[in-house]
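1. generate a structure from the sequence data that follows.
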Amino acid sequence: MPNPSPSDQARRDAYLYGRVLTAARSGTVQLDADGEPLPMRLRAGAESTALNVVAILRETWEDFRNSDRYFKYKAIILVAWAVLSLTGVGVACPAPSVHRDTTLGARLVVGAEDERPALVLHNESDAAWQDVLIIVNGRYRAAVSHVEPHAFITVTPKQLMGDNGKLAPSDLQATDVELRTRKGSAQLLEHGELR
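-> Residues are numbered from 1 along each chain as shown. Take a look at the predicted model:
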């Protein structure tokens, strides 16, 4: 076998010491203090951490299995309490009812409070609403001349007027909500059901 030329020897030495020369990179590959490429070192560290976590969990499980039954009862009670508490919070705080009308870009949010009922209408379209009329339960009305795109309107019973100019009752529960604008109308709530 012939002796390698000095350029072949230099390429082999560069490859062996982590300084591979390519057409895209003429510099050296970054090495850490141990002489290994950094990505390999990071991968090895991540694997080591994952194995340590698995070992800790396995030891914790073995300690739990070897503990006395009173400790196990306490742990089961604590877990059951946490599950019941989280379930109770989830049931006690329901999300507000939401309805979207795609023709006008209207979204209706009905407040969940019985003491202070409120309706929130959101103009999700990119066009302004003109000459807006909100009709609640077919008897009470609120009017707004202009609603900007992506703006909200909040309607409370104090803003609703009846046929005789009387204010709506303060505990009014909306069962029907109709939105009318210059562009058209939409029935957002009908017989208590979002449409």
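2. for stretch 169-176, list the C-alpha coordinates in PDB.
-> The C-alpha atoms that make up stretch 169-176 are tabulated as PDB, following Å, rounded to 0.1, in the frame of the first residue of the first chain:
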ATOM      1  CA  PRO A 169     -87.100  44.600  35.700                       C
ATOM      2  CA  SER A 170     -83.700  44.400  37.400                       C
ATOM      3  CA  ASP A 171     -83.800  40.500  37.600                       C
ATOM      4  CA  LEU A 172     -84.900  40.100  33.900                       C
ATOM      5  CA  GLN A 173     -83.700  36.700  32.600                       C
ATOM      6  CA  ALA A 174     -83.300  36.700  28.800                       C
ATOM      7  CA  THR A 175     -85.000  33.900  27.000                       C
ATOM      8  CA  ASP A 176     -85.000  35.500  23.500                       C
END
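3. which other helices and strands does the longest helix belonging to the chain contact?
-> Longest helix in the chain, counting residues (DSSP state H): helix 38-66. Counting contacts by 3 or more C-beta pairs under 8 Å, 6 or more residues apart in numbering; DSSP states H and E, helix 38-66 is packed against helix 69-92. To be clear about C-beta, it is placed using only N, CA and C from the backbone, and glycine gets the same treatment.
4. angle of the helix it packs on against helix 38-66?
-> Inter-element angle recorded for helix 69-92 and helix 38-66: 110 degrees (by axes from the mean of the first three to the mean of the last three C-alpha atoms, to 10 degrees).
5. kindly provide the whole-number mean pLDDT of helix 69-92.
-> In this model, helix 69-92 has a mean pLDDT of 91.
6. distance from the chain centre to the longest helix of the chain, please.
-> 31 Å (C-alpha atoms, centre = their mean, to the nearest Å).
7. how about stretch 120-135?
-> On C-alpha atoms, centre = their mean, the centre of stretch 120-135 falls 26 Å from that of its chain.
8. show me what that stretch is in contact with.
-> 100, 104-109, 111, 119, 141-155, 176-183, 188 (C-beta atoms under 8 Å, 6 or more residues apart in numbering).
9. identify each buried residue in that stretch, please.
-> By 16 or more other C-beta atoms under 10 Å, the buried positions in stretch 120-135 come out as 121-123, 125, 128-129, 132, 134-135.
10. just these: which are in helices?
-> Among these, no member lies in helices (by DSSP H).
11. ok, so of those, who is nearest residue 61?
-> When the buried residues of stretch 120-135 are compared for distance to residue 61 (C-beta to C-beta), residue 122 wins out at 49.8 Å.
12. please report how far that closest one lies from residue 193.
-> 19 Å (C-beta to C-beta, to the nearest Å).
13. now do residue 81
-> Taking C-beta to C-beta, one finds residue 81 at 37 Å from residue 193.
14. domain ranges for the protein?
-> Using automatic domain parsing, the domain parsing of the chain gives 38-92, 97-194.
15. mean confidence (pLDDT) on the longest one, please.
-> This means domain 97-194. Domain 97-194 comes out at a mean pLDDT of 81.
16. just the buried residues of the contacts of stretch 120-135.
-> Neighbour-count burial (16+ other C-beta under 10 Å) is assigned, among the contacts of stretch 120-135, to 104-109, 111, 119, 141-142, 144, 147, 153, 155, 176-181, 188.
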